[in-house]
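Asks: when you get a sec, could you give me coordinates for this:
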Amino acid sequence: MVHNSSQADAPIRVLMLADDCNPDWHSLPALAYIYACTVSKYVDLTVVTQIRNQPNIDRDGLGNAKVVYLDTEKIAAPIYKLATALSGDPNKAMTLKVAFSYPSYLAFEWMAWKQFRQDLKDKRFDLVHRISPMSPTIPSPMASWSPVPFMLGPVLGGLSWPEHFKEEMQREGEWMNYLRALHRWMPFYRSTYAKSAAILAAYDHTISDIPEYGQAQTINFSEGGVDPAAFPFPNRQKKEKMTVLFVGRLVPFKMPEVLVRAFAASPTLQQHQLIIVGDGPERPRLEKLIADHNLSECVELTGTISQERVGELMRSSEIFGFPSIREQGGGVLTLAMMSGMTCVVVDYGGPATRVPEGCGVRVPMGNRDRLVRDFTQELEKLVADPDLVAELGRAGRQFTETYYAWDAKARKTKEIYEWVLGRQEKKPDFWEQPLAPLPEPV
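Replies: Okay, the predicted model is just below:
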């Protein structure tokens, strides 16, 4: 049922839970921060976050949102130190680290509930929206405590390890992956998905990980976003020597060695350039491959470089090679496609959605030798056809700007709020063309 016009015109008052929310931290904290800032243009927003984020948020502000900080460091800090010690490497054992975050997150929501319980009972907020943590394995007690509708997500996870790469799973320290299914027995798990009025889930693999009793409320809603104004389309000149770029942590599942082996196997590719940006435990392995195949003239490892320099490389390079075999999302592809690069990815996980047909190249999943062979062939086709590279780059840019612009995602979020509150009947669809921009509040 749609409410009357006076209710429909009233500003939506949202209490947003964002334990991780920080403009200076990469990945989820930065995404949550920008998402909250943009949503605050369209609703009356109060963001609840952890006190560790206060210095950076106070410096930059958080859009039009009011911010409340909660201090759970007495619980969170020692748990984080223990999980880091057990993982043995900051780049490994991500499943273990997520599992260990559960107690500290319960403390965060309990403190939020104590602070806002009366406001929620008095209906001073229309709904509660948790945007972080993003893992679908971390339940939310607020889903059952809140007397106003509760919304979850976007959540992201549940992608299985490919059968061909169990060795890489071991090298990643992902032994906890064998125990992941136990999260369904954790306190508050069932109530989180049974009582959420809407669940934003990124990609088919995350949706399939959500229990049946949560499927009706689930909306396919891809994570991450981009500000198109920060990515003017580069005017690339045709060059005889093209550049293939990789940006990411040098860890086993991202498989940067596939690109090095492709160059090693192809005299054609050796007439061009491969630049690998990032650092991690795979770097010695890559250095040895480069030395063994005498590739130092055409393959460069930059290590960690500034974001500004990454942007320069994306604007000047033509092809983005990304052979990751277990990429839940693939936010770096958004940046590459907005830079007009042609992306070559494995047709699995997030990249399979982020790089649709006609907007890049998808290589079928296979074992390492199959991936090397297919990446070699596809890269050779691209370096031989600059016009195709330019065409795919333009199409990828258009697709990404349409669906991943932060403003479009914020407006789609507002649509979902309206659906949750009964102000519109049709369940929103993320992949429908976004609505025309709404006027910003005065």
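
Asks: low-confidence ranges, the stretch 301-442 of the chain, go.
Replies: For the stretch 301-442 of the chain, the stretches with pLDDT under 70 are 433-442.

Asks: can you give me the helices in it?
Replies: Per DSSP state H, counting those that start in this stretch, the stretch 301-442 of the chain carries helices over the ranges 307-316, 331-338, 350-354, 368-383, 386-404, 406-420.

Asks: got a markdown table for those helices, with distance to N294 too?
Replies: All C-beta atoms are positioned from the backbone trio N, CA, C, and that covers glycine. Formatted as a markdown table, these follow (distance: least, Cβ to Cβ, whole Å):
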| stretch | distance to N294 |
| --- | --- |
| helix 307-316 | 24 |
| helix 331-338 | 28 |
| helix 350-354 | 31 |
| helix 368-383 | 17 |
| helix 386-404 | 27 |
| helix 406-420 | 45 |
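
Asks: list the contacts of R184.
Replies: Residues near R184 by Cβ atoms under 8 Å, 6 or more residues apart in numbering: P211.

Asks: returning to what we had before: looking at the helices of the stretch 301-442 of the chain, which one is packed in the most?
Replies: Mean neighbour counts were taken over these using mean count of other Cβ atoms under 10 Å, and the top value, a mean of 25, falls to helix 331-338.

Asks: what lies in contact with that one?
Replies: 27, 31, 223-226, 228, 231, 245, 247-248, 310-311, 314, 320, 322, 343, 345, 350-351, 354-355, 359-360, 393, 396-397, 399-401, 404.

Asks: G153 is nearest to which of the helices of the stretch 301-442 of the chain?
Replies: Minimum separation from G153 across the helices of the stretch 301-442 of the chain (Cβ to Cβ) falls at helix 406-420, 9.6 Å.

Asks: got the angle for the closest one vs helix 386-404?
Replies: Per axes from the mean of the first three to the mean of the last three Cα atoms, to 10 degrees, the angle that helix 406-420 makes with helix 386-404 is 40 degrees.

Asks: and helix 406-420, what other elements does it pack with?
Replies: Contacts defined by 3 or more Cβ pairs under 8 Å, 6 or more residues apart in numbering; DSSP states H and E place helix 406-420 against helix 28-39, strand 127-132, strand 150-155, strand 198-201.

Asks: give me the sheet partners of the shortest one and which way each runs.
Replies: When sheet partners are counted by DSSP bridges, strand 198-201 sits next to strand 150-155 (parallel), strand 218-220 (parallel).

Asks: and stretch 49-68, end to end?
Replies: Taking Cα to Cα, to the nearest Å, stretch 49-68 runs 6 Å from one end to the other.

Asks: from the chain's centroid, how far away is the helix or strand where Q118 lies?
Replies: Secondary structure assignment for Q118, by DSSP states H and E: helix 94-121. Averaging C-alpha positions (Cα atoms, centre = their mean, to the nearest Å) puts helix 94-121 21 Å from its chain's average.

Asks: C298: what's it in contact with?
Replies: Here C298 is in contact with F263, L269, Q270, Q271, H272, Q273, L274 (Cβ under 8 Å, 6+ apart).

Asks: average pLDDT for the helix holding Q118?
Replies: Mean per-residue pLDDT for helix 94-121: 83.

Asks: report the inter-axis angle for it versus strand 127-132.
Replies: Going by the same axes, to 10 degrees, helix 94-121 makes 160 degrees with strand 127-132.

Asks: tell me the helices and strands packed up against helix 94-121.
Replies: Where contact means 3+ Cβ pairs under 8 Å, 6+ apart, helix 94-121 is packed against strand 13-18, strand 44-50, strand 66-70, helix 73-87, helix 142-145.

Asks: tell me the mean pLDDT for the fourth one?
Replies: In other words, helix 73-87. 64.

Asks: check the shortest one too.
Replies: Averaged over helix 142-145, pLDDT sits at 97.

Asks: now do the buried residues in it.
Replies: Neighbour counts over helix 142-145 (16 or more other Cβ atoms under 10 Å) mark M142, A143, W145 as buried.

Asks: quick check, nearest of these to A202?
Replies: A143 (18.7 Å).

Asks: contacts only, for that closest one.
Replies: Contacts of A143 by Cβ under 8 Å, 6+ apart are F150, L152, F188, S191, T192, Y193, K195, S196.
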